[in-house]
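Q: One predicted model, sequence on top.
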Amino acid sequence: MKSIDSNWFYTVASLAAVGSLVSCQQNKEPQRPNIVYIMTDDHTAQMMSCYDTRYIETPNLDRIARDGVRFTNSFVTNSLSGPSRACMLTGKFSHKNGFTDNTTCKFDGSQQTMPKLLQQAGYQTAIVGKWHLETLPTGFDFWEILPGQGDYYNPDFITQNNDTVRKHGYITNIITDESLDWLQNKRDKNKPFCLFIHHKAIHRNWMADTCDLALYEDKEFPYPETFNDTYEGRLAAAAQEMSIAKDMDLIYDLKMLRPDKESRLKSMYEQFYGRMDSVQKAAWDRFYDPIIEQFYKENPQGEDLVHWKYQRYMRDYAKTVKSLDDNVGRVLDYLEKEGLLDNTLVVYTSDQGFYMGEHGWFDKRFMYEESMHTPLIMHLPKGLDKRGDIPQMVQNIDYAPTFLELAGVTVPDDIQGESLVPLLRGESPADWRTSMYYHFYEFPAEHMVKRHYGVRTDRYKLIHFYNDIDVWELYDLKNDPCEMHNIYGQEGTEEITRELKKELKRLQIKYDDPILNEFPINE
Ligand code: SGN
Ligand code: CA
């Protein structure tokens with residue numbers, strides 16, 4: 001598929017497919033589709049009503065899914081922000097793009113990236129919002145990024161001339177305003193565009209817009225069935241520090257600030273709160289003060305405290321999603337009003353999934369389902385006819401080749417992802433991947449999730465935790481979808497273990513992960 005000849009055919013064929021149905025005025029080249037890629041931070045499918053109706057309503061996201069496609073098996077390759085962004089930009093696994101973890105890496109912006117290739121092919125490229133790759137962006141005609149994680153209120157932005165500018169307001173609105181301003185006033189309207197809208201929300205510590213604070217306060221969120229997991233037979237799961245009961249901070253995460261109370265992360269919360277102006281603070285305090293007063297008066301303990309923490313976590317997260325959903329609606333409305341929607345691919349995804357109390361957790365990192373999954377819904381440009389669910393296994397390394405193919409750019413051989421365009425056309429390629437590779441590196445670090453790599457098929461998952469431990473885990477996702485029973489080494493699993501190790505080794509060789517030399521797999 002990737003030899004020179006077939007690449008040529010592939011490109012011409014895809015241009016023809018996309019171009020044949022788009023407006024092709026005389027003497028003009030076929031209009032190539034625009035791309036709007038919206039990536040939120042830590043937004044998990046459990047908190048999108050197009051995936052899961054248990055918790056909240058997200059009407060604008062549902063609109064994308066309803067009119068377009070919903071991927072039901074969409075995954076990341078390394079469940080963490082910087083690594084996920086680097087995979088998306090390069091179409092390569094972390095060991096190839098060099099950005100393995102948030103704490104020690106700097107993205108090498110001189111390497112080949114999808115935005116650079118789009119730019120070379122005549123696209124206008126832009127990114128607004130969270131970048132999180134330490135070095136400054138390359139390959140963008142316009143960029144305006146948050147320093148590090150950014151702030152919810154009155155955030156700073158690093159602008160293209162390397163100034164830091166503080167903008168007044170709430171982050172999700174501002175990122176959307178800047179994005180729409182680029183679309184309306186700053187781009188070259190004679191060229192197709194690729195715009196990355198990278199939200200900070202709903203990253204920890206889940207601070208909602210003041211106008212949304214009152215939402216979800218009457219809702220009682222039921223515990224997920226694995227909330228009280230005791231991690232039997234799963235050493236790495238037992239060793240993490242991302243438990244709602246033990247690790248979630250009352251002041252920083254749950255906003256119970258009072259001068260006479262201390263907590264480990266209090267000063268960080270004071271910094272965030274301190275950025276608000278007097279009007280924002282007044283609205284914030286009007287909402288949180290009565291909750292704070294009642295909390296310290298009632299002083300819940302034990303199970304009651306855990307229950308209280310869970311409700312507050314879910315409510316804060318849910319109301320922070322509201323602004324995201326509203327702002328996605330603004331983008332869709334703008335594209336529609338400007339007559340751009342018909343020829344624009346709109347992608348909505350997250351940098352990874354997140355735990356909403358499953359296994360008792362918040363955060364991500366693990367190769368377990370909730371954090372390896374990431375939501376992926378798309379509004380398709382004309383010429384791509386698939387609608388509804390796409391069940392094939394896809395990964396975030398697939399976005400780069402997808403966008404390149406849509407733009408009529410030859411996908412370079414060293415890109416490791418697969419173009420999703422055949423799936424978006426409604427095809428079911430017989431040779432689509434039936435297994436996926438995953439590798440997480442950030443240890444020792446916050447939340448203490450151990451290093452691990454593994455393979456997932458539609459039925460099974462095999463994981464090897466390494467570094468300061470040497471532990472294998474095997475799950476049968478059909479009989480144990482919540483991954484509570486590690487069956488590695490159990491009688492009767494010999495054959496499937498052998499097959500999965502063989503597959504894991506094949507993927508490590510295929511993707512050229514040097515970890516194979518450190519831990520050679522003996523089948
Ligand atoms: C921060 C958070 C962590 C989170 C990482 C990575 N701590 O360090 O809870 O896991 O970001 O998140 S905080 O105290 O600073 O909020 S990522 O999505 O950017 O990878
Ligand atoms: Ca994230």
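A: Here it is on my side, so go on. Numbering: from 1, shown residues only. Ligands and ions are numbered 1, 2, ... in the order given.
Q: Find the nearest non-adjacent residue to the residue of the stretch 101-250 of the chain found nearest ligand 1, please.
A: As assessed by Cβ to the nearest ligand atom, ligand 1 sits closest to R204 within the stretch 101-250 of the chain, at 3.9 Å. For the C-beta atoms, the positions are set from N, CA and C on the backbone; glycine is no exception. Closest residue in space to R204, ignoring its immediate chain neighbours: D253 at 6.7 Å, by Cβ to Cβ, 6 or more residues apart in numbering.
Q: wait, what's in contact with the one you found?
A: R204, N205, W206, L265, Y313, F362 (Cβ atoms under 8 Å, 6 or more residues apart in numbering).
Q: cool, L420 as well?
A: Counting by Cβ under 8 Å, 6+ apart, L420 touches I390, V394, D398, Y399, P401, T402.
Q: and with 7 Å instead?
A: V394, D398, T402 (Cβ atoms under 7 Å, 6 or more residues apart in numbering).
Q: Need the pLDDT of it.
A: L420 is assigned a pLDDT of 98 by the prediction.
Q: which stretches of this structure have low pLDDT?
A: 1-30 (pLDDT under 70).
Q: For ligand 1, what's the nearest residue on it?
A: Residue of the chain nearest ligand 1, by Cβ to the nearest ligand atom: S81 (3.0 Å).
Q: okay, now G489: neighbour count?
A: 12 (other Cβ atoms under 10 Å).
Q: Check whether it sits in a helix, strand or coil.
A: Three-state assignment for G489 (DSSP: H, G, I helix; E, B strand; the rest coil): coil.
Q: Then C50?
A: coil.
Q: Once you drop chain neighbours, what's closest to the spatially most central residue of the chain?
A: Residue closest to the mean C-alpha point of the chain, counted by Cα atoms, centre = their mean, is D351 at 1.8 Å. Excluding the flanking residues, the one nearest D351 by Cβ to Cβ, 6+ apart is S84, at 4.1 Å.
Q: Next, give phi and psi for E473.
A: Torsion angles at E473 (phi, psi; degrees, to the nearest 10) stand at phi -130, psi 140.
Q: got the contact list for it?
A: R234, I463, N486, Y488 are the contacts of E473 under Cβ under 7 Å, 6+ apart.
Q: which of these tops the neighbour count?
A: Counting neighbours by other Cβ under 10 Å, I463 leads the contacts of E473 with 26 neighbours.
Q: thinking it is in contact with G454, fair?
A: Yes: using Cβ atoms under 7 Å, I463 is in contact with G454, at 3.7 Å.
Q: Between the two, which contacts overlap?
A: Common contacts of I463 and G454 (Cβ under 7 Å, 6+ apart): M367.
Q: give me the residue from the stretch 51-200 of the chain nearest ligand 2.
A: S81 (3.9 Å; Cβ to the ion).
Q: tell me the contacts of that residue?
A: S81 makes contact with D41, N102, H132, D351, according to Cβ under 7 Å, 6+ apart.
Q: can you pick the most crowded of the residues you listed?
A: Busiest of the contacts of S81 [other Cβ under 10 Å] is D351, holding 28 neighbours.
Q: Just want the phi and psi numbers for it.
A: phi -70, psi -10.
Q: One more: T164?
A: According to degrees, to the nearest 10, T164 has phi -110, psi 120.
Q: Wait, it touches I158, no?
A: Yes: in terms of Cβ under 7 Å, T164 counts as a neighbour of I158; the distance is 5.7 Å.
Q: what touches both of these two?
A: Common neighbours of T164 and I158 (Cβ under 7 Å, 6+ apart) are P147.
Q: More neighbours: which of the two?
A: Neighbours of T164 and I158, each counted by other Cβ under 10 Å, are more numerous for I158; the result is 19 against 9.
Q: Need the three-state assignment for the more buried one.
A: strand.
Q: Tell me the buried residues in stretch 60-74?
A: By neighbour count on 16 or more other Cβ atoms under 10 Å, the buried set for stretch 60-74 is 60-65, 68-74.
Q: Contacts only, for the closest residue to D229 other than its chain neighbours.
A: If the residues on either side of it in the chain are set aside, D229 comes closest to H359, at 4.4 Å by Cβ to Cβ, 6+ apart. Counting by Cβ under 7 Å, 6+ apart, H359 makes contact with T226, D229, A237.
Q: tell me which of those is nearest to N467?
A: A237 (15.5 Å; Cβ to Cβ).
Q: Hmm, Y231 and that closest one touching each other?
A: Yes: counting by Cβ under 7 Å, A237 does reach Y231; the two are 4.3 Å apart.
Q: The two: who's more crowded?
A: In this view A237 and Y231 are compared by other Cβ under 10 Å, and A237 has more residues nearby, 23 against 15.
Q: Show residues contacting whichever strand or helix holds that one.
A: If you go by DSSP states H and E, A237 is part of helix 235-239. Here helix 235-239 makes contact (Cβ under 7 Å, 6+ apart) with Y231, H359, M448, K450, H452, F465, I469, V471.
Q: Try it again at 10 Å.
A: 229-232, 359-361, 366-368, 443, 448-452, 463, 465-466, 468-469, 471, 473, 483-484, 486 (Cβ atoms under 10 Å, 6 or more residues apart in numbering).
Q: What are the buried residues along it?
A: For helix 235-239, a neighbour-count test (16+ other Cβ under 10 Å) marks A236, A237 as buried.
Q: Centre of the chain to the next helix or strand after that helix, how far?
A: Next in sequence after helix 235-239, counting helices and strands by DSSP H and E, comes helix 266-274. When C-alpha coordinates are averaged (Cα atoms, centre = their mean, to the nearest Å), helix 266-274 and its chain have centres 26 Å apart.
Q: now swap in stretch 232-240 and tell me
A: 25 Å.
Q: And for stretch 302-309?
A: Using Cα atoms, centre = their mean, the offset of stretch 302-309 from its chain centre is 29 Å.
Q: for ligand 2, what are the nearby residues on the stretch 351-500 of the chain?
A: Within the stretch 351-500 of the chain, the residues that sit near ligand 2 (Cβ under 5 Å from the ion) are D351.
Q: quick revisit: put the buried members of the contacts of helix 235-239 into a PyMOL selection.
A: Those of the contacts of helix 235-239 that count as buried under 16+ other Cβ under 10 Å are selected in PyMOL with:
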select buried, resi 229+359+360+361+366+367+368+443+449+450+451+452+463+465+466+471+473+483+484+486
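Q: Among the buried residues of stretch 60-74, which ones are in helices?
A: Cross-referencing the buried residues of stretch 60-74 against helices under DSSP state H gives N60, L61, D62, R63, I64, A65.
Q: Present these as TSV; the columns should include distance to G274.
A: Shown next, in TSV, are these (distance: Cβ to Cβ, whole Å):
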residue	distance to G274
N60	32
L61	32
D62	36
R63	37
I64	36
A65	39
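Q: any idea which of the residues you listed is closest to D304?
A: Using Cβ to Cβ, these come closest to D304 at L61, 33.9 Å.
Q: which non-adjacent residue is nearest that closest one?
A: Using Cβ to Cβ, 6+ apart, the closest residue to L61 is M48 (5.3 Å).
Q: again with N154
A: R275 (4.9 Å).
Q: H43 now?
A: S350 (4.0 Å).
Q: Same question for R264.
A: D249 (6.0 Å).
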